[in-house]
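Novice: below is the sequence, then the predicted model.
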Amino acid sequence: MTSDATTTVRLTQYGHGGGCACKIPPGELEQMVAGLGGAADSDLPLLVGLEHSDDAAAVQVRDDLAVLSTTDFFTPVVDDAYDWGRIAATNALSDVYAMGGRPVLAVNLLGWPRESLPTELAREVLRGGADVARVAGCHLAGGHSIDAPEPIYGLAVTGLAHPDRLLRNDSGEAGMPLSLTKPLGVGVLNNRHKNTGEVFEHAIASMTTLNDAASRAAVAQGLRAATDVTGFGLLGHTFELARASGVTARIHAAAVPYLDGARESAAAGYVPGGTRRNLDWVRPHLDPGSADELELLLLADAQTSGGLLVVGEVPGAVVIGELVPAVAGVSLQVR
């Protein structure tokens, strides 16, 4: 935790958004990157690029080795600087775990409004990131910082994986179960925190829990498809996986776990704007069944440092649905 000298500043009031909820809306993002990227003239094969919205890029350097590269950063999701650093680092490392890899090296990305926030707070943010990287066994060395109008923090991460054991968005198969490794709800709880100052320690605990164990278990069991549930919500990230795999994903709403207070906070109106944009994006491809608007918003809740969505069963995860053969015009079903 931070010292008394730094606890009086509410960091969430210095950012226009919060955590992964401040992402560019998924529909806009797809238009921005359409036709960009792709393989360069290189003797190192690009295994995973922009095509299917995977969590990290992958290039093959040996028959038995792929290098993963990713970055993630965002504005404050909690007021405590040290906790924000831990959450942002955990979230960035998650992209490597979501691909079935092991993070080995990271560098800091820091934007800091020097005229309005003390450098002591920035140090606390960096300390939080360093502590998480240490727990993950990932070197954190250097990085880059700029004077920015609002605080921003995250990591650029390099990871390693076996080319034949990557967890990808395009490898889901009909008939396989869908498992979720963390409960949903941090989006609405973080929004409530930003608006009221209430602290939800169980949400912080969830956001600072690494996805390493679930990733290793999935790879050890020979599973091939997964993603992490972050800013586009469960519905958004499941849609990306189902679309890439050419199947339809069926989610059993009653089986989806939530953090304590999440449903009540959503009903009270603490729904992030990013959550509403997520639902609007997937709605044309969604068969909602009997789910009401509140249920759909919770399923679309913009998560920060959420769990893994794995095609298959892994220890400690909750089975929340399954993949079924493609249904024309429908990538998502809620039942």
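Specialist: Looks like it came in fine.

Novice: so which strand or helix has Leu178?
Specialist: If you go by DSSP states H and E, Leu178 is part of strand 177-180.

Novice: please identify the buried residues of that strand?
Specialist: Leu178, Ser179, Leu180 (16 or more other CB atoms under 10 Å). Just so you know, the C-beta spots here come from the backbone N, C-alpha and C atoms, and that holds for glycine as well.

Novice: swap in stretch 159-170?
Specialist: By 16+ other CB under 10 Å, the buried positions in stretch 159-170 come out as Gly159, Ala161, Pro163, Arg165, Leu166, Leu167, Arg168, Asn169, Asp170.

Novice: same question for stretch 305-324.
Specialist: 305-314, 317, 320-324.

Novice: ends of it, what's the gap?
Specialist: This stretch, stretch 305-324, spans 27 Å end to end (CA to CA, to the nearest Å).

Novice: got phi/psi on the residue nearest in space to the middle of the chain?
Specialist: Centroid-nearest residue in the chain, with CA atoms, centre = their mean: Thr230, separated by 2.8 Å. Dihedral pair for Thr230: phi -130, psi -120, per degrees, to the nearest 10.

Novice: now the strands for the stretch 101-250 of the chain?
Specialist: Assigned by DSSP state E, counting those that start in this stretch, the stretch 101-250 of the chain shows strands spanning 102-112, 139-147, 152-161, 177-180, 226-228, 247-251.

Novice: I'd like these written out as TSV, with distance to Ala268 and mean pLDDT added.
Specialist: Shown next, in TSV, are these (distance: least, CB to CB, whole Å; pLDDT from 0 to 100):
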stretch	distance to Ala268	mean pLDDT
strand 102-112	32	98
strand 139-147	37	97
strand 152-161	29	98
strand 177-180	24	98
strand 226-228	27	97
strand 247-251	24	98
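
Novice: which stretch of helix or strand covers Val77?
Specialist: Counting by DSSP H and E, no helix or strand carries Val77.

Novice: what about it, distance to Pro272?
Specialist: Computed as CB to CB, to the nearest Å, the Val77 to Pro272 distance reads 10 Å.

Novice: more neighbours, those two?
Specialist: Val77 (31 against 28; other CB atoms under 10 Å).

Novice: where in the stretch 1-150 of the chain is pLDDT low?
Specialist: Scanning the stretch 1-150 of the chain for pLDDT under 70 picks out 1-7, 17-23, 27, 29-30, 37-39.

Novice: could you pull out the helices for it?
Specialist: 26-33, 81-98, 119-136 (DSSP state H, counting those that start in this stretch).

Novice: adding distance to Asp287 and mean neighbour count, write the ones you listed out as CSV.
Specialist: Formatted as CSV, the helices of the stretch 1-150 of the chain follow (distance: least, CB to CB, whole Å; neighbours: other CB atoms under 10 Å):
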stretch, distance to Asp287, mean neighbour count
helix 26-33, 19, 13
helix 81-98, 26, 28
helix 119-136, 39, 19
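
Novice: those: which one's closest to Thr209?
Specialist: Proximity to Thr209, assessed across the helices of the stretch 1-150 of the chain by CB to CB, is greatest for helix 81-98 (7.1 Å).

Novice: now do the residue nearest to the centre of the chain against Pro118, distance only.
Specialist: 29 Å.

Novice: just to revisit the earlier point, could the buried residues of strand 177-180 go into JSON lines alongside distance to Gly111?
Specialist: Below are those laid out as JSON lines (distance: CB to CB, whole Å):
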{"residue": "Leu178", "distance to Gly111": "36"}
{"residue": "Ser179", "distance to Gly111": "35"}
{"residue": "Leu180", "distance to Gly111": "32"}
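
Novice: list just the nearest of the residues you listed to Arg114.
Specialist: Distance ranking of these against Arg114, using CB to CB, places Leu180 first at 40.3 Å.

Novice: which of the helices or strands spans the nearest residue to the closest one once chain neighbours are set aside?
Specialist: Spatially, and ignoring its direct neighbours in sequence, Leu180 is nearest to Ile320 (4.9 Å; CB to CB, 6 or more residues apart in numbering). Assigned by DSSP H and E, Ile320 belongs to strand 318-325.

Novice: quick one, that strand and strand 247-251 angle?
Specialist: Going by axes from the mean of the first three to the mean of the last three CA atoms, to 10 degrees, strand 318-325 is angled at 150 degrees with respect to strand 247-251.

Novice: what are the pairing partners of strand 318-325, and which direction each?
Specialist: If you go by DSSP bridges, strand 318-325 pairs up with strand 177-180 (antiparallel), strand 247-251 (antiparallel).

Novice: let's have those strands in a markdown table, adding distance to His237.
Specialist: A markdown table is the format used below for these (distance: least, CB to CB, whole Å):
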| stretch | distance to His237 |
| --- | --- |
| strand 177-180 | 10 |
| strand 247-251 | 10 |
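
Novice: among the ones you listed, which is nearest Ala217?
Specialist: Of all the strands paired with strand 318-325, strand 177-180 sits nearest to Ala217, with 10.1 Å by CB to CB.

Novice: please consider this matter closed, and thank you.
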